[in-house]
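Novice: The sequence and its predicted three-dimensional model are supplied below.
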Amino acid sequence: IPTLSLLYKLNRIPLDSDQTPLYPPNAAHNDKISIIKGDITVLAIDAIVNAANEALLGGGGVDGAIHRAAGPDLYDECLTLGGCEAGDAKISNGYELPSKKIIHAVGPRYYALPASEAEAKLKSCYRKGLELAVEHGQKSIAFPAISTGVFSYPNAKACNDALGEVRKFLDGADGDKLERVIFCNFLQKDQDIYYQTVSKYFPPP
Ligand code: ADP
């Protein structure tokens, strides 16, 4: 999986992007960030994040794909987790997945909340996901585009909120405990948005 450093070097992400950086360049961060397109359930890493719902018992979209791939033991463990509120996250084992852990984050339903609350909850999903990974000694983590499917969060805003929150975490006290943060997009639309936006938050050196 190529890192952002490599993507910049290969000019896969255009260096003349018109995105004005919001953060100073940090080459160490760029070595940790990946943007890929595909199925998150095939990643052999420490932790993948699920875009779950409050019940944590499976559903459609990425949630359904993760439950199908992980097998019925995941459902049994999820029964013991007691659900989860929007903006929060809980961790389980990965079972038949190649990833060791699953972090179940519940994104906001965009149109059920004032925009500022939806934003705070989406950012909180990313922050809690990263915190849980560190707390459990997991060094690599992949996020899907939380809330942008059935929960209707606008794609470009979700991308900005996700990248900004991850940048903040990597700049913080526990940032050095993570080795890789992967943004795993399923749709070409989101992949394009991430390529266009990433240099605002993780500028080339
Ligand atoms: P939410 O309810 O949080 O909106 P969805 O699962 O409906 O969650 O959608 C979140 C994102 O996950 C969407 O961009 C969707 O295309 C994507 N997605 C669906 N299946 C997968 C998968 N197997 N791997 C990664 N992302 C996926």
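Specialist: Cool, the structure landed. Just so we're clear, the structure is a prediction, and the values are computed from it rather than from any experiment.
Novice: Those residues of the chain touching the ligand, which are they?
Specialist: Neighbours of the ligand within the chain, by CB under 6 Å from any ligand atom: 39-41, 51, 61-63, 65, 107, 144-151, 184, 186-187, 190. The C-beta positions use only the backbone N, C-alpha and C, and glycine is treated the same way.
Novice: Any quick PyMOL command for the buried ones out of those?
Specialist: To isolate the buried members of the residues of the chain next to the ligand in PyMOL, using 16 or more other CB atoms under 10 Å:
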select buried, resi 40+41+51+61+62+63+65+107+144+145+146+147+148+149+151+184+186+190
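Novice: Scan the protein for its longest helix.
Specialist: Across the chain, the longest stretch assigned as helix under DSSP state H is helix 115-135.
Novice: Quick check: next helix or strand after it?
Specialist: Counting by DSSP states H and E, the next helix or strand C-terminal to helix 115-135 is strand 140-143.
Novice: quick one: the strands in this protein?
Specialist: Assigned by DSSP state E, the strands in the chain fall at 33-37, 47-52, 89-93, 101-106, 140-143, 180-185.
Novice: which of the ones you listed sits most buried?
Specialist: strand 47-52 (a mean of 28; mean count of other CB atoms under 10 Å).
Novice: and the angle for it with strand 89-93?
Specialist: Note on geometry: by axes from the mean of the first three to the mean of the last three CA atoms, to 10 degrees, strand 47-52 and strand 89-93 are set 120 degrees apart in direction.
Novice: what's strand 47-52 packed up against?
Specialist: Where contact means 3 or more CB pairs under 8 Å, 6 or more residues apart in numbering; DSSP states H and E, strand 47-52 is packed against helix 61-70, strand 101-106, helix 115-135, strand 140-143.
Novice: Show me what that strand is in contact with.
Specialist: With contact meaning CB atoms under 8 Å, 6 or more residues apart in numbering, strand 47-52 is reached by 40-41, 59, 61-63, 66, 84, 89, 91, 94, 97, 99-107, 125, 129, 132-133, 136, 138, 140-147, 149, 151, 184.
Novice: Out of the helices and strands packed on strand 47-52, flag the one nearest Asp46.
Specialist: Closest to Asp46 of the helices and strands packed on strand 47-52 is strand 140-143 (CB to CB; 4.5 Å).
Novice: any idea how far that closest one is from the chain center?
Specialist: Distance, stretch centre to chain centre, for strand 140-143: 6 Å (CA atoms, centre = their mean, to the nearest Å).
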